[in-house]
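J.: Need coordinates for the below:
(one chain, ligands or ions: 1)
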Amino acid sequence: MSNTIVVGAQWGDEGKGKIVDYLTEHVDVVVRAQGGNNAGHTVIHDDVKYVLHLVPSGILWGDKLNVIGNGVVLDPIGLVEEITKLRGQGVTITPNNLLISDCAHLAMPYHKGLDKAREAARGDKKIGTTGRGIGPSYSDKVERAGLRGTALRDADALCQEVAERIALHNEFITSQGIEPVNADEVLPKLREAAIMLAPHVTNTVVALHDARKAGKDMLFEGAQGTFLDIDHGTYPFVTSSNTTTGGACTGSGISPRHIDRVVAVAKAYTTRVGSGPFTTENDAIGDMLHNMGREFGATTGRARRCGWLDMVLVHWACMVNGADELAITNLDGLDGLDTIKLCTAYKLDGKVINHPPSTIAEIERLEPVYEEHQGWKQDLSGIRNADDLPPLAKKYLARVAELAEAPVTLIGIGPSRDQTLRVC
Ligand code: IMP
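T.: All right, here's what the predicted structure looks like:
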């Protein structure tokens, strides 16, 4: 038996979906334990492109159990849209292969309205959220005022409660110049979603431990990344959940004692969406990647901010997550470059430091310390064996592993499953 957590080592969008999809072949259960439909995983499976937001990517395999754990904030209307789309693509989704925790908190239409209104109220200090109501849903959870998965079992009571909350919150929402939530429009959709999802709602802690005791292998599919973690990220420019490994345990009810392996995932460069400091940001890299049609968000379509690989961040992420292995994705994104820069340290007020500072004011004053690597100037996308990578690419990866203090075991050179190379 082996249970694995996959986490992002940057600001999300590291290509975790593809790594999870690759690893899923060898597991029986795939679990989402935090975040909501702010996440967007693009997975190419048998030449078909799927975009997953809340549904664990094990759903594409047919024979896996998929669990949305208690740590997730779940938008029932969004989930039904996602399930309908996936079914339209031929994916089988039933109460037998998709379980929803009865304790997962519900992201409601008023949470989306509040998310937008609170962003508007922040003015030029806005976080750049996905607008999916994630922060307000987790706020209600911590405030002990949330609605949970169990509420989906009584659609009428849920709609009545939500109608009252919409009326309550619309005043603030409109005061910030945001469209009020239209109860007549959303309540019928919510009702329909509750009826459709109720058969999936169960005590997922029991289901997961039954699977564990039966010797099943589990994969915990992290959403977002270490630097969006509410505790360990670049606060306040973060999401509202623990995106690091601890979140997989609290968000599922599986103890750290039952976790055997942690795989951290980083791109061969860095990206970020939303606001907040980004020390290695580089517009030329961004232009190059956007011109290649890359680095547009799967959830919002926003062009991602891009920059050089920041190894101070990746090292920190490997440390706080206890990474046994590092997967480097999108290596082929660097194929055309003569010179590749790697950030190995920072200078803060003239002093060299090797860890990210805790305050935004300090992070904004950081200067990256770079070392330069010669580019391999070769199309990597057709390579199917890590041994066949050009020596300069191998050298770059060896240096990344050295700086991360974690071995690079998986390398992504394109979107398809056979473009994930295992380093033996
Ligand atoms: P929220 O999670 O929508 O509240 O957004 C908070 C911050 O996290 C914003 O900067 C978002 O752009 C960012 N964020 C949330 N989810 C993702 C993701 O899946 N990938 C990348 N950034 C994300």
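
J.: could you say which helix or strand contains the residue in the chain positioned nearest to the ligand?
T.: Nearest residue of the chain to the ligand: Gly274, at 2.1 Å (Cβ to the nearest ligand atom). No exception for glycine: its C-beta is placed from N, CA and C like everyone else's. Using DSSP states H and E, Gly274 sits in no helix or strand.

J.: and the longest strand for this protein?
T.: The longest strand of the chain (DSSP state E) is strand 339-348.

J.: That one pairs with which strands?
T.: If you go by DSSP bridges, strand 339-348 pairs up with strand 309-310 (parallel), strand 351-353 (antiparallel), strand 367-374 (antiparallel).

J.: Tell me which of those strands sits most buried.
T.: Of all these, strand 309-310 has the most neighbours on average by mean count of other Cβ atoms under 10 Å, namely a mean of 27.

J.: Check which residues of whichever helix or strand comes after that strand are buried.
T.: Using DSSP H and E, the next helix or strand after strand 309-310 towards the C-terminus is helix 311-321. Residues of helix 311-321 classed as buried: Met311, Val312, Leu313, Val314, His315, Trp316, Ala317, Cys318, Val320, Asn321 (neighbour count, 16 or more other Cβ atoms under 10 Å).

J.: Run through who's touching the worst-scoring helix or strand of the chain on mean pLDDT.
T.: When each helix and strand of the chain is scored by mean pLDDT, DSSP states H and E, strand 41-45 comes last, with a mean of 82. The contact list for strand 41-45 (Cβ atoms under 8 Å, 6 or more residues apart in numbering) reads 16-18, 20-21, 49-53, 57, 60, 221, 298, 415-417.

J.: what's near enough to touch Lys18?
T.: By Cβ under 8 Å, 6+ apart, the contact set of Lys18 is His41, Thr42, Val43, Ile44, Thr329, Gly412, Pro415, Arg417, Thr420.

J.: who's in contact with the fifth one?
T.: What that stands for is Thr329. Taking Cβ under 8 Å, 6+ apart as the test, what Thr329 contacts is Glu14, Gly15, Lys18, Ile19, Val265, Ala266, Lys267, Ala268, Ile411, Gly412.

J.: thinking the fourth one is in contact with Ala327, fair?
T.: Yes - with contacts defined as Cβ atoms under 8 Å, Ile19 counts as touching Ala327 at a distance of 4.8 Å.

J.: So for those two, which residue has more residues nearby?
T.: Neighbour tally, Ile19 and Ala327, criterion other Cβ atoms under 10 Å: the higher count belongs to Ala327, 29 against 26.

J.: For the residue nearest to that one when sequence neighbours are not counted, the count of nearby residues, please.
T.: Leaving aside its chain neighbours, Ala327 sits nearest to Leu410 (3.8 Å; criterion: Cβ to Cβ, 6 or more residues apart in numbering). With neighbours defined by other Cβ under 10 Å, the count for Leu410 comes to 21.

J.: ok, now the one 4 residues further on?
T.: Residues near Gly414, counting by other Cβ under 10 Å, number 20.

J.: Can you tell me the element it falls in?
T.: Following DSSP H and E, there is no helix or strand that holds Gly414.

J.: can you pull the contacts of it?
T.: Asp332, Leu380, Ser381.

J.: The host helix or strand of Ile285: what's the following helix or strand?
T.: Element membership for Ile285, per DSSP H and E: helix 283-291. Counting by DSSP H and E, the next helix or strand C-terminal to helix 283-291 is strand 305-307.

J.: I would like the residues contacting that following strand, please.
T.: Identification of contacts with strand 305-307 by Cβ under 8 Å, 6+ apart yields 269-273, 278-282, 285-286, 289-290, 295.

J.: pLDDT averaged over it - what is it?
T.: Taken as a whole, strand 305-307 carries a mean pLDDT of 96.

J.: which residues does the residue of the chain most remote from its centre contact?
T.: When distances to the mean C-alpha position of the chain are computed (Cα atoms, centre = their mean), the maximum falls on Gly350, with 34.4 Å. For Gly350, the contact set (Cβ under 8 Å, 6+ apart) is empty.

J.: now the one 10 residues further on
T.: The contact partners of Ile360, by Cβ under 8 Å, 6+ apart, come to Thr234, Tyr235, Pro236, Phe237, Gly276, Pro277.

J.: hang on, the fifth one packs against Thr234?
T.: This points to Gly276. Yes - shown here, Gly276 and Thr234 form a contact pair, counting by Cβ under 8 Å, at 5.2 Å.

J.: show me where the stretch 151-300 of the chain has strands.
T.: Counting by DSSP state E, counting those that start in this stretch, the stretch 151-300 of the chain has strands at residues 201-202, 218-221, 261-267, 270-272.

J.: quick one: strands adjacent to the last one?
T.: Spelled out, it's strand 270-272. Strand pairing for strand 270-272, determined by DSSP bridges: strand 305-307 (antiparallel).

J.: again, but for the shortest one
T.: In the sheet containing strand 201-202, its partner strands are strand 98-101 (parallel), by DSSP bridges.

J.: next one: the second one
T.: Note on strand 218-221: by DSSP bridges, its sheet partners are strand 4-8 (parallel), strand 29-32 (parallel).

J.: possible to save those as CSV with mean pLDDT?
T.: Formatted as CSV, these follow (pLDDT from 0 to 100):
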stretch, mean pLDDT
strand 4-8, 98
strand 29-32, 98
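
J.: ok so, going back, only the buried members of the contacts of strand 41-45: can you turn that into a PyMOL selection?
T.: Burial among the contacts of strand 41-45 is assessed by 16+ other Cβ under 10 Å; the matching PyMOL selection reads:
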select buried, resi 16+17+18+20+21+50+52+53+57+60+221+415+416+417
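
J.: Now intersect the contacts of strand 41-45 with the helices, please.
T.: Among the contacts of strand 41-45, the members falling in helices are Lys16, Gly17, Lys18, Val20, Asp21 (criterion: DSSP state H).
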